[in-house]
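>>> Pasting the sequence and the predicted coordinates here, then a few questions.
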Amino acid sequence: MILNGATNDDIIDALEVSLSSVKRWRKKVDKQGLEGLVRKPGSGRRCRLAPIQKRKLKNLLRKGARACGYNRDRWTTKIVANLIFRQFQIRYHFNHVGKLLRKLNFRPVMPIRRSKKHDPAKVEHWIRSVWTHIKKVT
């Protein structure tokens with residue numbers, strides 16, 4: 001759009017971006033041409049797991065913690081860090097495992113906490129009798 005002579009307002013309306021972004025893009029195009037707009041790779045340390053190791057880790061995570069030799073059903077970042085070290089001899093701090101899991105499309109799931117006294121039959125009875133009565137009154 002910049003090369004075709006579009007105005008800043010046209011670009012802002014079409015792409016829904018800020019004026020400062022359009023001005024920054026124009027400067028880059030003036031100095032470097034379209035090459036200036038090419039996205040650069042992110043800075044920071046690269047993932048230490050190779051793509052094949054990431055696939056293997058995903059498969060292990062899908063099997064579940066018990067299937068991988070842990071005595072619980074849910075994964076924690078500490079357990080995943082331990083699994084990565086056991087499988088690949090690569091150390092990850094458990095605080096960084098969450099970032100890795102998000103990149104692998106795993107999302108945290110919080111367990112539903114219930115009292116030890118929770119009785120589904122009593123809950124159902126309360127909903128059918130007491131709650132329906134309360135709803136009618138209000």
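Ah, there it is.
>>> Residue 2: neighbour count?
By other Cβ atoms under 10 Å, 16 other residues sit near residue 2. Using the backbone N, CA and C atoms, a C-beta is placed for each residue, glycine as well.
>>> shouldn't it be in contact with residue 28?
No - using Cβ atoms under 8 Å, residue 2 is not in contact with residue 28; the gap is 9.4 Å.
>>> which element is the spatially most central residue of the chain on?
Centroid-nearest residue in the chain: residue 102, 3.7 Å away (criterion: Cα atoms, centre = their mean). Following DSSP states H and E, one finds residue 102 within helix 94-103.
>>> Check the offset of that helix from the chain's centre.
Here helix 94-103 is found 9 Å from its chain centre; the criterion is Cα atoms, centre = their mean, to the nearest Å.
>>> secondary structure class for residue 45?
At residue 45 the chain is in coil, as set by DSSP: H, G, I helix; E, B strand; the rest coil.
>>> and it, how far is that from residue 58?
Distance of residue 45 to residue 58, given as Cβ to Cβ, to the nearest Å: 21 Å.
>>> Same drill for these two, tell me which one is more crowded.
Using other Cβ under 10 Å as the criterion, residue 45 and residue 58 rank with residue 58 on top: 14 against 6.
>>> That one contacts residue 104, correct?
Yes - in this structure residue 58 lies within contact range of residue 104 using Cβ under 8 Å: 5.5 Å.
>>> Pull out the buried residues from the strand or helix carrying residue 11.
For residue 11, the element it lies in under DSSP H and E is helix 8-15. Buried residues in helix 8-15, counted by 16 or more other Cβ atoms under 10 Å: residue 11.
>>> Just checking, which helix or strand succeeds it along the chain?
Of the helices and strands lying after helix 8-15 in sequence (DSSP H and E), the nearest is helix 19-32.
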